[in-house]
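Engineer: Turn this into a structure:
(one chain, ligands or ions: 3)
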Amino acid sequence: VVAPPPSPQVAVAICLLRDKSVLMGRRLVSIGNSKYSLPSGHLEFGENFEECAAREMKEETGLDIEKVEFLKVTNNLFMDQPTPAHYVVVFVRAVLADPMQTPLNLEPDKCGGWDWYEWDSLPQPLFGPIKAMVMEGFNPFT
Ligand code: 8DG
Ligand code: MG
Ligand code: MG
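Structural biologist: Ligands and ions are numbered 1, 2, ... in the order given. Prediction:
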């Protein structure tokens, strides 16, 4: 039996904005392990981007979000991984439905914990794709 060729996958990553800060966490999964990244996850069959963003945010942090807006799409190759991967990533921004709500680390096997970071002092090391976007001048606040 021959394995089917791999396919590109679609993910949604969320810039959750609170004052001057965004929510980030340290990845504990193979792609980008130990690097800081935004909450994100795979688009499920039949979902729109806003639904995916709200679902992944709820699953990973317990937070309810609103005002989800499309920002940018990127094409990301991870060819030097043990299992090569190809992601089309839809970046959105959103805000908290309740500004008093605080993030929970609901997938501690995948994330070291969530925290708020000001855009001009993001945590290091950043996950490659978001690092590249920041270096190109991407700013989810503008
Ligand atoms: P799921 O099973 O919950 O659907 O997925 P997940 O476990 O939450 O997936 P994820 O790793 O959080 O996100 C899916 C992929 O998105 C990730 O493996 C790599 C890709 N991705 C990029 N660029 C970026 C980025 O800048 N930030 C984040 N967070 N993920 C990104 O290609
Ligand atoms: Mg995720
Ligand atoms: Mg997820």
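Engineer: So which bits of the chain are right by ligand 3?
Structural biologist: G41, E56 (CB under 5 Å from the ion). C-beta coordinates here come from the backbone N, C-alpha and C atoms, glycine included.
Engineer: How about the top strand by length along the chain and ligand 1, any contact?
Structural biologist: The longest strand of the chain (DSSP state E) is strand 65-78. Yes. Shown here: strand 65-78 in contact with ligand 1 (CB under 6 Å from any ligand atom) through N76.
Engineer: strand partners of that strand, parallel vs antiparallel please.
Structural biologist: The strands beside strand 65-78 in its sheet (DSSP bridges) come out as strand 85-96 (antiparallel).
Engineer: Could you give the average pLDDT over the longest strand of the chain?
Structural biologist: Across strand 65-78, pLDDT averages out at 98.
Engineer: now do stretch 122-134
Structural biologist: Computed over stretch 122-134, the average pLDDT equals 98.
Engineer: wait, does it contact ligand 2?
Structural biologist: No. Stretch 122-134 stays clear of ligand 2 (CB under 5 Å from the ion), getting no nearer than 11.2 Å.
Engineer: buried stuff in that stretch?
Structural biologist: For stretch 122-134, the neighbour count (16 or more other CB atoms under 10 Å) marks L122, L126, F127, P129, I130, K131, M133 as buried.
Engineer: residues in contact with the longest helix anywhere in the chain?
Structural biologist: Counting by DSSP state H, the longest helix found in the chain is helix 49-61. Applying CB atoms under 8 Å, 6 or more residues apart in numbering, the contact partners of helix 49-61 are 12, 14, 16, 23, 39-44, 47, 63-65, 68, 70, 90, 92, 94, 103-107, 110-111, 114.
Engineer: From these, which land in strands?
Structural biologist: Filtering the contacts of helix 49-61 for strands - DSSP E - leaves 12, 14, 16, 23, 40-42, 65, 68, 70, 90, 92, 94, 111, 114.
Engineer: which of the residues in the longest strand of the chain are buried?
Structural biologist: I65, V68, T74, N76.
Engineer: Which one of those is nearest to G32?
Structural biologist: Proximity of the buried residues of strand 65-78 to G32 (CB to CB) peaks at N76, which lies at 10.2 Å.
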